[in-house]
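sequence plus the predicted model coming up.
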Amino acid sequence: MTYLIIAFVIAIALAPLSHFVPSKQQRRQARLREAAAVQGLFVEFRDLPRSAAPGAAGVRADSLYYGLRLRPSRGRQRRRGAWLREETGEWRALADGPGHSLQARRAVPQALLEMPESVLAASVDEGSCGIYWREAGDLSTVAEIRRLLGDWGAQLAL
């Protein structure tokens, strides 16, 4: 009986430590992010680009930005743009910022058309090009995203 009480007290003392053990989902996300880093991408929490148009879809906060760093576009037009994947799967260019409208319909980069369905949006700025997604995939999905971002980055460097 004494041993049972001792085991019970030890179990109660160790129970709070179980909260520090990562869940299956957390381990999967860590593997995806590590694979992205190994392949030269960076991962950030960023606000999902959204349209300034009335009735635009709400922000989906459960997404992360996987980006590829770009060299500065010295002597050329500044890079800036954002695209949102509609519910239908079609890509739509967004306005450059609050109060700005699209002067010309910005063509959707070819790399975005080939992105996995879990990609919600994409953007390009002076420092990077990247995608916003829910990390719904596996290591091969990260490799595919890296390949497509590499193609897009090479296209932007021209």
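Everything's here; your move.

C-alpha only now, for contacts and for neighbours.
Fine.

over to residue 49. Which of the three states is it?
Secondary structure state of residue 49, per DSSP: H, G, I helix; E, B strand; the rest coil, is coil.

I should have written residue 129 there, sorry.
strand.

remind me which residues of this protein are low pLDDT?
Counting by pLDDT under 70, the chain has low-confidence residues at 51-62, 75-78, 95-105.

pull the longest helix from it.
Ranked by residue count under DSSP state H, the longest helix found in the chain is helix 139-157.

list the buried residues in that one.
Within helix 139-157, the residues that qualify as buried are 141, 142, 145, 146, 148, 149, 150, 152, 153, counting by 16 or more other Cα atoms under 10 Å.

so the second one makes contact with residue 38?
No: taking Cα atoms under 8 Å as the definition, residue 142 is not a contact partner of residue 38, at 10.6 Å.

how far away is residue 113 from residue 34?
For residue 113, the distance to residue 34 (Cα to Cα, to the nearest Å) stands at 25 Å.

between these two, point out the one with more neighbours.
More neighbours surround residue 34 than the other of residue 113 and residue 34, with 17 against 14 (other Cα atoms under 10 Å).

pull the CA atoms of stretch 18-29 into PDB?
Provided in PDB are the C-alpha atoms of stretch 18-29 (Å, rounded to 0.1, in the frame of the first residue of the first chain):
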ATOM      1  CA  SER A  18       3.200  16.600 -19.400                       C
ATOM      2  CA  HIS A  19       2.100  20.000 -20.600                       C
ATOM      3  CA  PHE A  20       5.700  20.600 -21.900                       C
ATOM      4  CA  VAL A  21       5.700  17.600 -24.100                       C
ATOM      5  CA  PRO A  22       4.900  18.700 -27.700                       C
ATOM      6  CA  SER A  23       1.700  17.300 -29.300                       C
ATOM      7  CA  LYS A  24       1.700  15.400 -32.500                       C
ATOM      8  CA  GLN A  25       0.500  18.500 -34.400                       C
ATOM      9  CA  GLN A  26       3.300  20.700 -32.900                       C
ATOM     10  CA  ARG A  27       5.900  18.100 -33.800                       C
ATOM     11  CA  ARG A  28       4.600  18.000 -37.400                       C
ATOM     12  CA  GLN A  29       4.600  21.800 -37.700                       C
END
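
doesn't residue 82 belong to a helix?
No: Residue 82: not assigned to a helix; according to three-state DSSP it is strand.

nearest residue to it other than its sequence neighbours?
residue 123 (4.1 Å; Cα to Cα, 6 or more residues apart in numbering).

good, wrapping up.
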